[in-house]
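Q: Predicted model, plus sequence, below.
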Amino acid sequence: MKRPGPLITLIAGLLLGLFMLSLNATTGTKSVSSTAKKESPTATASPAPTKTSAPPSPSPSRTPVPDASYAGRTDDDSSAVAVTVDDGKAVAYFCDGRAKESWLKGDVKDDGSMRLTGKNGDELNGTLKEGKRISGTVDVGGGHYAFSADKAKKPSGLYRATATVRGAKIDGGWIVLPGGKQVGIVTRDSVASAAPSIDPDTGAVTVDGQQLTARPVTP
């Protein structure tokens, strides 16, 4: 009986070769797949949406201070005070009807508060409440006075007349209070004295024999 040695060896070699070829093909496929994965582009993250700020809320509109005149007396009843407000500005007159007086002016804030100033450091600080009354203090000639002045209806209010009479410079101021009472001073070349009464309907007044016209005061 013949020994099949060479034939078996040949067949074994062929099988081994086929196995190695199959192994190499499988390894190559895995390598290509792994390389493809490595070379695939990385996904780009989408940018976060930009936040937009909400527009600021509009500031609430404020009611402007109404134009009007106010007249009243100091708390000690020694003097009168009148204030005229027009377009956010104010002019005031303090008068004791004998010798002490002061004209003051300044701005009125939206909340109704005001600080009016005059000569020699005179000052009025007040607040308009609900468009009906001004309350505050006046510092004039070293005196400190609290006052309140109600909204005036014509002919109540503040009046002034200036002229030259017989060579003298005349400057008169009048406060017509609610009820008709008048408090005023006329200065002749800076010398003060009680003022004669004016006609509240026309403003006519006679000073040193000459007729003048006192007109409502506005800022």
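A: Everything's here; your move. Numbering: from 1, shown residues only.
Q: Quick check: the closest residue to Lys100 other than its chain neighbours vs Ala195, distance?
A: Closest residue in space to Lys100, ignoring its immediate chain neighbours: Gly141 at 5.5 Å, by CB to CB, 6 or more residues apart in numbering. Using the backbone N, CA and C atoms, a C-beta is placed for each residue, glycine as well. For Gly141, the distance to Ala195 (CB to CB, to the nearest Å) stands at 18 Å.
Q: which of those two has more neighbours?
A: A count of neighbours by other CB atoms under 10 Å puts Ala195 above the other of Gly141 and Ala195, at 23 against 13.
Q: Please name the bridge partners of the closest residue to that one other than its chain neighbours.
A: Once flanking residues are discounted, Ala195 sits nearest to Gly184: 3.4 Å by CB to CB, 6+ apart. Gly184 forms beta bridges with Trp174, as assigned by DSSP bridges.
Q: what residues are up against Gly184?
A: Neighbour list for Gly184: Cys95, Gly97, Tyr159, Gly172, Gly173, Trp174, Ile175, Ala194, Ala195, Ser197, Ile198 [criterion: CB atoms under 8 Å, 6 or more residues apart in numbering].
Q: Return the per-residue confidence for it.
A: We note a pLDDT of 98 for Gly184 in this prediction.
Q: Look at the one residue sitting closest to the centre of the chain and give its secondary structure.
A: Nearest residue to the geometric centre of the chain (CA atoms, centre = their mean): Asp110, 6.9 Å. Classification of Asp110 by DSSP: H, G, I helix; E, B strand; the rest coil places it in coil.
Q: what's the spacing between it and Tyr145?
A: 26 Å.
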